[in-house]
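Student: The sequence and its predicted three-dimensional model are supplied below.
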Number of protein chains: 2
Amino acid sequence: MLDKTHNKNAKSWVAIPENSDFTLQNLPFGIFSTKDNPNRRAGVAIGHQIVDLEKITSHFQSIHEDLNTVFSSSTLNDFIALGKEVHTQVRHQLFDLLSEGNTSISEAVLVQQKDATLHLPIQIGDYTDFYSSKEHATNVGTMFRGKDNALMPNWTQMPIGYHGRSSSIVVSGTPIHRPKGQKMPPNAEQPVYGPSSRMDIELEMGFVIGKSTSLGDVVEAEKAEDYIFGMLLFNDWSARDIQKWEYVPLGPFLGKNFGSTVSPWIVTMDALEPFRIEGPSQDPTPLSYLQTTGARAFDIQLEVSMQPKGIAPKVIAQSNFKYLYWSMSQQLAHQTVNGCNINVGDMYASGTISGPTKDSFGSLLELTWNGTEPLTMSDGSERTFIEDYDTLILKGWCEKDGLRIGFGEAIGQILPSKE
Amino acid sequence: MLDKTHNKNAKSWVAIPENSDFTLQNLPFGIFSTKDNPNRRAGVAIGHQIVDLEKITSHFQSIHEDLNTVFSSSTLNDFIALGKEVHTQVRHQLFDLLSEGNTSISEAVLVQQKDATLHLPIQIGDYTDFYSSKEHATNVGTMFRGKDNALMPNWTQMPIGYHGRSSSIVVSGTPIHRPKGQKMPPNAEQPVYGPSSRMDIELEMGFVIGKSTSLGDVVEAEKAEDYIFGMLLFNDWSARDIQKWEYVPLGPFLGKNFGSTVSPWIVTMDALEPFRIEGPSQDPTPLSYLQTTGARAFDIQLEVSMQPKGIAPKVIAQSNFKYLYWSMSQQLAHQTVNGCNINVGDMYASGTISGPTKDSFGSLLELTWNGTEPLTMSDGSERTFIEDYDTLILKGWCEKDGLRIGFGEAIGQILPSKE
């Protein structure tokens, strides 16, 4: 724990509001544009501001010559491809430049977040969604297949996952139209076509690949974190009626691929280091290719709020990333054990992160127990699944001994189906 | 049928061997490089030759100004993005330039295919694999879930599909290492880790998206072909033991994503037009969003050969693209009915194309009926699944009234697992 950026007492010359997600110790990367300069470019969040990295490239010259140009790219992929050592050095340099007393850069390189448009920070190659919360898999399995078949025998032996759609991953704030599709109504004999009436969220976190491999290469579980650039919030919107009718035998498809929402800022693994924690104990012991030493989970508090149009948001769930049974290291080792290659910018999502208690479930399907137990909104109205114009808000942050590292928000509003 | 390129009597000044896949009427697009010029660039196959499009851009000036540069790109994506009208005009212009008697271009713009390296022709965004052969789905369903649950109730209502891995799609000729992974041996209580012992192929065809949509847009079945640039051969390598243990409930994952092999030349929909044919009749009638008018299948003959090291290849299956129950138009309409966006360069595969008879099955799983009925190779030896150093060869071609349009080959050799 010798990383200077973990010093909770360090202060910045940038004003940082109390309980800000974007402290001097965080320094997450994103892509933004402004009215003055509509070119997409890289920035780092601090307090209510964004450091415009394009304006301070001279301060990174000695780290890597490509830092002259990569921050002017419309995605972070080229920066990420420079490797973990470069990311760490850039973050340390930023920490120094933004520390109290340092006058090397001035407020002229800052942009107010409220004046900026935030964009999807990476060009995503492939996207994989895991299913790594035992509580979630058990809950959903119970509802979809009954209690006796809830958790399949393979679930405790490997991180079950599937490939998702990268084209429809959007940045926080992008509205999503209610999907139409095929559904089999209860007790019906023929499927019907129409808008989903069981629109749901899945509270997940994503990680972004920071290092590519070649076809045939295997990423060892022990070294898997070397391949991870950072993390963000991930809402895997789900249409439960479409999903239920289509998913046997090849898995989720149109019930998921109409949209997923990510938070705009990628928090680096370096920033998360102080929040490393042991994950759940695993029984049976995983096969050797899935074994790791040391703590591989992270203590990240998660919160979901629901906001019907015109009323205040209501917190409907509180969970924690540490509940996940399978770690990111195990997920990545599993994904590559067969030689499947990974690329910088690939996205991985955790699967819904449900905790042990009912108020910690990460989907409406679980929170309302398949629509049978409605939630009460801030104005006293009730909700089972998402109605048109409802907004869903995911938040996440780490907090310990006065040190706070936050992820911001992943927000999305559901609009009516397009005609 | 007024397209001049469909004139079977038209001849080229380029020597075209009898039974060549690459006739004057075909003109498929690909990406190649040569020893002299290692830059990847676009070409068109004709006979044993490749037309180096970069050398003849002046002849396309009047069609679209970007044709000056797109052929110098390392993928076809920029060319494809110019739209169907441009593709058609370029193909017509090539037809003229290569027709007997035309002296506008000379042999100096040709490269021998044997002197060229062929590359993956597109940068693939997302990849979807369908499961659209009723015969295949019934065969596999019978083996995996028993006769009574072979075909799920949803199968005859929609084109079942799942998202696959685009990073591991490789061009013909690229060897694939035998994947390792988790398997549950018959009657065992614990899974084991090791190389797959049930390596298989899937005889499929792929299509490439030629026109993008925005999130929320729906592609109507009737207009779906407007969004397809062309087709190629697709081998969806499969590790049956890994697949069987992992696939419930989220579908195929590591049993598939270690590699897929495509043929290097993309045959345009224009070239395939003369081979349009009615597909199988559909009962029950699909929901309206899946209905189309006119013939939507294509009569494409398909052949699989297996070649253990050191002996001659043996044809092990002959099938036809026309056997597919769900058409490409229906697949694309289904994939987008929920507003999922598509991008130029996205890849779609048909699913294994099995015919009605045993010698027309498109996988070893079916051809050997789950490994119980071995195939005989050209030297009399037997095979159930693929052994190390075996080479599998997919071929495809259309033939009618003396007109032939071929796809070339998708070849791959299985190497031992990497240590």
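Tutor: Thanks, I have it.

Student: From now on I want contacts and neighbour counts done on CA atoms only, so please keep to that.
Tutor: Will do.

Student: Kindly report the residues of the stretch 1-150 of chain A close to chain B.
Tutor: Proximity of the stretch 1-150 of chain A to chain B (CA under 8 Å from any CA of the partner chain) is limited to residues A:Gly125, A:Asp126.

Student: just for the stretch 1-150 of chain A, where's the confidence low?
Tutor: Counting by pLDDT under 70, the stretch 1-150 of chain A contains low-confidence ranges at A:1.

Student: how about the helices of it, start to end?
Tutor: A:77-80, A:84-98, A:134-145 (DSSP state H, counting those that start in this stretch).

Student: out of the ones you listed, deepest packed?
Tutor: Mean neighbours per residue, mean count of other CA atoms under 10 Å in any protein chain shown, is largest over the helices of the stretch 1-150 of chain A for helix A:77-80, with a mean of 21.

Student: Relative to A:Gln49, how far out is A:Ala15?
Tutor: As judged by CA to CA, to the nearest Å, A:Ala15 and A:Gln49 stand 9 Å apart.

Student: So between the two, which is more surrounded?
Tutor: Taking other CA atoms under 10 Å in any protein chain shown, A:Ala15 and A:Gln49 do not tie; A:Gln49 has more neighbours (22 against 12).

Student: Quick check: the more buried one touching A:Val109?
Tutor: No - proximity of A:Gln49 to A:Val109 does not meet the contact threshold set by CA atoms under 8 Å, at 9.7 Å.

Student: separation between A:Phe275 and A:Gly259?
Tutor: Here A:Phe275 is placed at a distance of 30 Å from A:Gly259 (CA to CA).

Student: Show me which of these two is the more surrounded one.
Tutor: Between A:Phe275 and A:Gly259, counted using other CA under 10 Å, the more crowded position is A:Gly259 (29 against 19).

Student: which non-adjacent residue is nearest the more buried one?
Tutor: Distance criterion CA to CA, 6 or more residues apart in numbering or on different chains; nearest residue to A:Gly259, sequence neighbours excluded, is A:Ser168 at 4.8 Å.

Student: which ones are touching that neighbour?
Tutor: Each residue near A:Ser168 by CA atoms under 8 Å, 6 or more residues apart in numbering or on different chains is listed here: A:Asn257, A:Phe258, A:Gly259, A:Ser260, B:Leu215, B:Cys340, B:Asn341.

Student: close to chain B, is the longest strand along chain A?
Tutor: For chain A, the strand with the greatest residue count under DSSP state E is strand A:403-415. No - Strand A:403-415 does not reach chain B (CA under 8 Å from any CA); its nearest approach is 10.4 Å.

Student: now that strand, how far from the chain's geometric center?
Tutor: 9 Å (CA atoms, centre = their mean, to the nearest Å).

Student: separation between A:Leu364 and chain B?
Tutor: The gap separating A:Leu364 from chain B is 20 Å, by CA to the nearest CA, to the nearest Å.

Student: Would you list the phi and psi of that residue?
Tutor: Here is the backbone geometry of A:Leu364 (degrees, to the nearest 10): phi -70, psi -30.

Student: residues from the stretch 201-350 of chain A in reach of chain B?
Tutor: Where the stretch 201-350 of chain A comes near chain B, counting by CA under 8 Å from any CA, the residues are A:215-217, A:245-254, A:257-259, A:287, A:335, A:337-343.

Student: just so I have it, where are all the helices in the stretch 301-419 of chain A?
Tutor: A:328-336, A:364-367.

Student: want to throw these into JSON lines with mean neighbour count and mean pLDDT?
Tutor: Below are the helices of the stretch 301-419 of chain A laid out as JSON lines (neighbours: other CA atoms under 10 Å in any protein chain shown; pLDDT from 0 to 100):
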{"stretch": "helix A:328-336", "mean neighbour count": "25", "mean pLDDT": "98"}
{"stretch": "helix A:364-367", "mean neighbour count": "24", "mean pLDDT": "98"}
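
Student: Take the ones you listed and write them to TSV, including distance to B:Gln331.
Tutor: Converted to TSV, the helices of the stretch 301-419 of chain A look like this (distance: least, CA to CA, whole Å):
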stretch	distance to B:Gln331
helix A:328-336	27
helix A:364-367	29
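
Student: Compute the distance between A:Gly141 and A:Leu254, please.
Tutor: Distance, A:Gly141 to A:Leu254, using CA to CA: 19 Å.

Student: just A:Lys400 next, same as before
Tutor: 40 Å.

Student: I figured A:Glu222 was touching A:Gln291, is that so?
Tutor: Yes - the criterion here is CA under 8 Å, and A:Glu222 meets it with A:Gln291 at 7.4 Å.

Student: The two - which one has more neighbours?
Tutor: Higher neighbour count among A:Glu222 and A:Gln291: A:Glu222, with 17 against 14, using other CA under 10 Å.

Student: Now do the contacts for that one.
Tutor: A:Gln291, A:Thr292, A:Thr293, A:Ser329.

Student: Nearest residue to the first one in space, please, no chain neighbours.
Tutor: In space, A:Gln291 comes closest to A:Ala221 once its chain neighbours are excluded; the distance is 6.5 Å by CA to CA, 6+ apart.

Student: Please tell me I have it right and the one you found contacts A:Val337.
Tutor: No - proximity of A:Ala221 to A:Val337 does not meet the contact threshold set by CA under 8 Å, at 9.4 Å.

Student: Surely A:Met184 is in contact with A:Ser197?
Tutor: No - here A:Met184 lies out of contact with A:Ser197, judged by CA under 8 Å, at a distance of 11.7 Å.

Student: Spit out the residues that contact the two alike.
Tutor: A:Asp241.

Student: For chain B, what is the nearest residue in the stretch 251-400 of chain A?
Tutor: Ranking the residues of the stretch 251-400 of chain A by distance to chain B (CA to the nearest CA) places A:Gly251 first, at 4.0 Å.

Student: That residue in helix, strand or coil?
Tutor: coil (DSSP: H, G, I helix; E, B strand; the rest coil).

Student: secondary structure class for the spatially most central residue of chain A?
Tutor: Residue closest to the mean C-alpha point of chain A, counted by CA atoms, centre = their mean, is A:Leu233 at 2.6 Å. Under three-state DSSP, A:Leu233 falls in the strand class.

Student: Who does it form a beta bridge with?
Tutor: Going by DSSP bridges, A:Leu233 is paired in beta bridges with A:Met205.
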